[in-house]
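>>> predicted model, plus sequence, below.
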Amino acid sequence: MRQALLIGGEGFSLQEAALGKDPDILIATPGRLIDMFERGRIMLGGVKVLVIDEADRMLDMGFIPDVERIVQTLPRIRQTLMFSATLGPEIKRLGKEFLINPKEVSVSPPATVAGTVSHTMILLDLAEKRAVLRDLLRDEAVQSALIFCNRKKDVDIVSASLGRHGLNVRALHGDMVQYRRTETLAAFKGGEVNFLVCSDVAGRGLDIEAVSHVINFDVPYNPEDYVHRIGRTGRAGREGRAITLVTHEEAEAVDAIAALVNCAIPLTTYAGEPAALDAASRERARPRRGRSRRREEPPSAEKRPAPKRSRGADAAESKPKRERVRGGDAAEASEGRRARKPAKQSAPPREGERVTGLGDHVPAFLSDPMPAIRPGAES
């Protein structure tokens, strides 16, 4: 059977050539498939089977509107298969929209972890995470590692931070163009790059056998993602290690992971001493919610914000030095200048002086005396 691959970030010419060979199976990302359809390079009226894979991830990434557009171009009578790791209300709604008389098949999630993988969770403060991560990667036992972050923004931040400290690292996430992702992945597989910081979306489907460590820089929001992440190490009978950096704010996520995998994962300090997310630590974590990002980079003495000053002071400082008043505070000078400016108001009525004509605004030429005109004189 012939197949064609349509993905974004790649040139159109090779993909159009593949379509010209009349493929039986078309594997495509939603955006590129719509591009080809709108260019008239492909007709979808003869589709017999539609497979929607990773429906929950497509929902998270905002691809569902594109999928809905594609479905509208397909024949009404077809076979449709939709796969999803989670089955929330929105996914069920999509199932009713895309499927006709659907049959739901549920498979128990892979909650068991490979016996060749050892697990450790390290309890620390948020501000310590990057320094601890660097120390872990400098350990001689870490030959290659996948480092997972919950957000694409953090993938770039963590990768840049590690690179500044001399570590051989690259980033991998869904916002990268396809050829960059392919190039980065090839470099990691070939051993040119030792450490790969990635998001869950980019990490899905990675098939790399020689990964010695998986490090969760963030505890995953979804406990199933923990199983997906650590499944990248300990493959083909090799030993692997999964390390998760945990803060007090992530206690609930840790509980969900422990309940899913149904095994006790050791929680220690970075020094290796036993730690626990007890009731007291959970209680301390609650008021800090929403302020954790502020604690990640405590301001140094050089970056400490200046005290608030009046608008007059800010305005005075923004002026050149020659305009400032010497011997006094600029703000007070500004206030003094404002105080000396009289408020605009109507002039009070004059006493003892009659105002005639144009008042004080009589032009000078009108003030000159005019010669008297005698009666009967010719002008």
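Received it, and whenever you're ready, just let me know what you need.
>>> show me where pLDDT drops low in the stretch 51-200 of the chain?
Counting by pLDDT under 70, the stretch 51-200 of the chain has low-confidence residues at 108-112, 140.
>>> show me where it has strands.
For the stretch 51-200 of the chain, the strands defined by DSSP state E, counting those that start in this stretch cover 79-82, 117-123, 145-148, 169-172, 195-198.
>>> for Leu196, which non-adjacent residue is spatially closest?
The shortest distance from Leu196 to any non-neighbouring residue, by C-beta to C-beta, 6 or more residues apart in numbering, is to Phe188 (4.8 Å). Placement of C-beta: from N, CA and C, glycine included.
>>> how about stretch 216-227: buried residues?
216-220, 222-227 (16 or more other C-beta atoms under 10 Å).
>>> residues in contact with it?
Under the contact criterion C-beta atoms under 8 Å, 6 or more residues apart in numbering, stretch 216-227 has outside partners 85-86, 109-111, 113, 129, 133, 147-151, 154, 158, 197, 200, 229, 242-246, 250, 253-254, 256-257, 259-261.
>>> which of those residues fall in helices?
Among those, the subset assigned to helices under DSSP state H consists of 129, 133, 154, 158, 200, 229, 253-254, 256-257, 259-261.
>>> so which of the strands of the stretch 51-200 of the chain is nearest Glu68?
Closest approach to Glu68 among the strands of the stretch 51-200 of the chain (C-beta to C-beta): strand 79-82, 12.8 Å.
>>> listing partners with orientation, what would you give for that closest one?
On the basis of DSSP bridges, the sheet neighbours of strand 79-82 come out as strand 49-52 (parallel).
>>> follow-up on the earlier one: switch the buried residues of stretch 216-227 over to JSON lines; also include secondary structure and pLDDT.
What follows is the buried residues of stretch 216-227, written out as JSON lines (DSSP: H, G, I helix; E, B strand; the rest coil; pLDDT from 0 to 100):
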{"residue": "Asn216", "secondary structure": "strand", "pLDDT": "96"}
{"residue": "Phe217", "secondary structure": "coil", "pLDDT": "97"}
{"residue": "Asp218", "secondary structure": "coil", "pLDDT": "95"}
{"residue": "Val219", "secondary structure": "coil", "pLDDT": "94"}
{"residue": "Pro220", "secondary structure": "coil", "pLDDT": "91"}
{"residue": "Asn222", "secondary structure": "coil", "pLDDT": "84"}
{"residue": "Pro223", "secondary structure": "helix", "pLDDT": "86"}
{"residue": "Glu224", "secondary structure": "helix", "pLDDT": "83"}
{"residue": "Asp225", "secondary structure": "helix", "pLDDT": "86"}
{"residue": "Tyr226", "secondary structure": "helix", "pLDDT": "90"}
{"residue": "Val227", "secondary structure": "helix", "pLDDT": "86"}
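>>> pick out the most distant pair among these.
Taking C-beta to C-beta as the measure, these span a maximum distance of 18.2 Å, between Phe217 and Glu224.
>>> ok, back up a step: identify the residues contacting the residue nearest to Leu196.
Residues in contact with Phe188, defined by C-beta under 8 Å, 6+ apart, are 144, 170, 172, 196, 208.
>>> what's the local residue count around the closest residue to Leu44 other than its chain neighbours?
Of all residues not flanking Leu44 in the chain, Thr73 sits nearest, at 4.8 Å (C-beta to C-beta, 6+ apart). Counted by other C-beta atoms under 10 Å, the residues lying close to Thr73 total 14.
>>> domain assignment for this structure?
Taking automatic domain parsing as the criterion, the chain consists of the domains 3-98, 117-296.
>>> rewinding a little: show me how to select, in PyMOL, the buried members of the contacts of stretch 216-227.
Here is the PyMOL selection string for the buried members of the contacts of stretch 216-227, based on 16+ other C-beta under 10 Å:
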select buried, resi 85+113+129+133+147+148+149+150+154+158+197+200+229+242+243+244+245+246+250+253+254+256+257+260+261
